[in-house]
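Visitor: okay, predicted coordinates and the sequence, questions at the end:
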Amino acid sequence: MATFTATRALSTAPVSGPAAAGVLQVAWGTYNITAALSQNDIIQFCRVPAGATVVGGYVQAKDIDTGTEAFDFDIGWAANGTDAADADGFGNLGVWTGDAITDLRPEVGIYYPLGNVLFATGPQAFAAETIIQGVCNAAANAGGTGQITVVVFYTMV
């Protein structure tokens, strides 16, 4: 198991501060996978500030796995000292397929809206600064390299 960190998840990267209630803010991070991930590898994408309430977001990427897909990658968050970690809190995404889906994206690639807890209980609030991350459940069958971006929409209340 290895942990990889995108530039915007580094402790030196700025994290947006408080804004007026109801103002939508965005945190995002991009990581370029240069060697195929292994099971249980983690990518830390970005951080949201203490008091953030995540209301949505998405994952986008190139087609990470070609041929018979096996790449299984979930999106969630790390423990922050107050809130417990949840490896798939924003998406138990199953095996990724980059096949075109005419009604959603006509080109080859990955696009998943964040869900899971957002569908089950609504917006997710964090008491402390939190790293948004992904975990590899199964390695890619072929290829396994490429860029993944995670975008998180949140408010401060």
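Guide: That came through fine.
Visitor: quickly list what residue 73 is bridged to.
Guide: According to DSSP bridges, residue 136 are recorded as the beta-bridge partners of residue 73.
Visitor: list the contacts of it.
Guide: Counting by C-beta atoms under 8 Å, 6 or more residues apart in numbering, residue 73 makes contact with 37, 64, 93, 96, 134, 135, 136, 137, 148. To be clear about C-beta, it is placed using only N, CA and C from the backbone, and glycine gets the same treatment.
Visitor: pLDDT-wise, what's the bottom of those residues?
Guide: Least confident of those in the model: residue 96, at 74.
Visitor: now do the same contact list for that residue.
Guide: Applying C-beta under 8 Å, 6+ apart to residue 96 gives the contacts 61, 64, 65, 69, 71, 72, 73, 110.
Visitor: ditto for residue 46
Guide: 6, 8, 9, 13, 27, 28, 29, 131, 132, 150, 152.
Visitor: do residue 146 as well
Guide: Contacts of residue 146 by C-beta under 8 Å, 6+ apart are 32, 33, 61, 62, 63, 64.
Visitor: one step back: with the contacts of residue 73 in mind, which one is nearest to residue 116?
Guide: residue 93 (9.1 Å; C-beta to C-beta).
Visitor: which residues in this structure form helices?
Guide: Applying DSSP state H to the chain gives helices spanning 117-120.
Visitor: how about the residue in it that sits furthest from its center?
Guide: residue 20 (25.2 Å; C-alpha atoms, centre = their mean).
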